[in-house]
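Trainee: Sequence and predicted structure are below.
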Amino acid sequence: MFEQLVRLPDDPILGVMARYRDDPAAQKIDLGVGVYRDVAGNTPVLQCVRQAEREILAAQDSKSYVGPAGRAAFNDAVTGLVLGPQHPAVRDRRVRTIQAPGGCGALRLGAELVRAAAPGATVWVSDPTWANHLPLLGNSGLRIERYPYYDPAAHELRFEAMLERLLHAKPGDVVLIHACCHNPTGADLDRGQWLRLSEELARLRLVPFLDLAYQGFAENFDDDAAELRLMTGRLPESLSAISFSKNLGLYRERVGALIVVGESVSRAEAAQSHVVQIARGIYSMPPDHGAAIAAHVFADSRLTETWHAELALMRTRIRDMRALLAAQLREATRDDSFDYLRRQRGMFSLLGIPGDAVLRLSSRHHVYMTSDSRINLAGIMPDNVAYLAESILAATRAPA
């Protein structure tokens, strides 16, 4: 059987991680892997998570299954945290939330639901987008198309081109949109653009699929969900994939959720029944430990307060690194060509430098990033930012 298989190339991000790990240089920088790091270079366990975990383990008396839809208390809390209590779909009972194994699991559940409901639908994703969006959605059997989103050379959104391209979508197609902190660019639509986009999706009868993986990393917890609330409140149907990997640091626990908004209560119920059946056929039951931690943090006011304070520290650190790198690059280049870093939000930015410069950064300067020049700002430390800026300048201006 296996003699028919040929070895596949390594995942590009995992390949960057491996090359960084194997590099013996004393001075090296990893900007590739998409995890938060503190100023010591660690991906910490949050204090609110440690406390919640202790309390959960002390009270736990069973390891039995929780069911394909996951922990009910977690699902209810996620609905409130993401959509808010005043959301019209919440008020009309048209929302169903299903726990998923991480944001990736939520994206795949959503794709499988779309395929069950409309197997001929196309999913439109931004160009560029997070690399894993393509296999997560496309491997369900759905067709994938791209819409223009960002010009990495000019460091500008391509919003008008985006709207023009979506005119080619057919009614019932799905549009995947980063809810905030766009990965890989860090460039988000503004409020006016979100309003126009929601009007166009409604007019063209397209279904939004919102990916919210960084709630709390841009401005604050509520503001970062505001555009998702706008979009899901103005259209009759929507899907939202939610992740708590970054904002609770629960990466390996795989804590996520899929939020489905239906046009009516009966349609929401029907959609949920299909999602539960899909989950049952893929992984049967979701893991509970991470969701139990998250639900405990959400339900306990003192832990929630601690969480928001810790999240604010993470957000501030990333903002500080953005500003510091932009300042160092301005000093090194003596121009404002990298000032766009200050305007962007979240953990990632797209430098927009050519591929040969990316290769020189790793081979000559031991600075690692993905081939499209996406950088994780949380990989920057106060004591390496000057070296990073000098390396970027040297790599981009060096002869091939």
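Mentor: Yep, that arrived.

Trainee: Please report how far the nearest residue to residue 28 once chain neighbours are set aside lies from residue 351.
Mentor: Nearest residue to residue 28, sequence neighbours excluded (CB to CB, 6 or more residues apart in numbering): residue 366, at 3.8 Å. Quick note: C-beta positions are derived from backbone N, CA and C, even for glycine. Counting by CB to CB, to the nearest Å, the gap from residue 366 to residue 351 is 17 Å.

Trainee: Around the residue nearest to residue 28, how many other residues sit close by?
Mentor: Counted with other CB atoms under 10 Å, the neighbours of residue 366 add up to 19.

Trainee: begin at 57 from here
Mentor: Will do, 57 is the new start, and the previous item becomes residue 422.

Trainee: Which is the succeeding secondary structure element to the worst-scoring helix or strand of the chain on mean pLDDT?
Mentor: Least confident helix or strand, the chain: helix 68-78 with a mean of 83, by mean pLDDT, DSSP states H and E. Counting by DSSP states H and E, the next helix or strand C-terminal to helix 68-78 is strand 85-86.

Trainee: Next, count neighbours for residue 326.
Mentor: Other residues lying near residue 326 total 15 when counted by other CB under 10 Å.

Trainee: is it true that it touches residue 318?
Mentor: Yes: with contact defined as CB atoms under 8 Å, residue 326 reaches residue 318; the gap is 7.5 Å.

Trainee: Ramachandran coordinates for residue 312?
Mentor: Phi and psi for residue 312, reported as degrees, to the nearest 10, are phi -150, psi -180.

Trainee: Run through the helices of the stretch 107-256 of the chain in chain order.
Mentor: With DSSP state H, counting those that start in this stretch applied, the stretch 107-256 of the chain shows helices at 128-139, 144-147, 158-173, 189-194, 215-222, 247-260, listed in chain order.

Trainee: Residue 117 is nearest to which of the ones you listed?
Mentor: Residue 117 lies closest to helix 128-139 among the helices of the stretch 107-256 of the chain, at 16.2 Å (CB to CB).

Trainee: Can you list the buried residues in the closest one?
Mentor: 129-131, 133-135, 137-139 (16 or more other CB atoms under 10 Å).

Trainee: which helices and strands sit right next to it?
Mentor: Using 3 or more CB pairs under 8 Å, 6 or more residues apart in numbering; DSSP states H and E, the elements in contact with helix 128-139 are helix 144-147, strand 151-157, helix 282-290, strand 294-299, strand 311-317, helix 345-355.

Trainee: could I get those as a markdown table with mean pLDDT, distance to residue 70 and mean neighbour count?
Mentor: Output for the helices and strands packed on helix 128-139, formatted as a markdown table (pLDDT from 0 to 100; distance: least, CB to CB, whole Å; neighbours: other CB atoms under 10 Å):
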| stretch | mean pLDDT | distance to residue 70 | mean neighbour count |
| --- | --- | --- | --- |
| helix 144-147 | 96 | 38 | 17 |
| strand 151-157 | 98 | 19 | 26 |
| helix 282-290 | 97 | 29 | 21 |
| strand 294-299 | 98 | 19 | 26 |
| strand 311-317 | 98 | 20 | 28 |
| helix 345-355 | 97 | 22 | 23 |
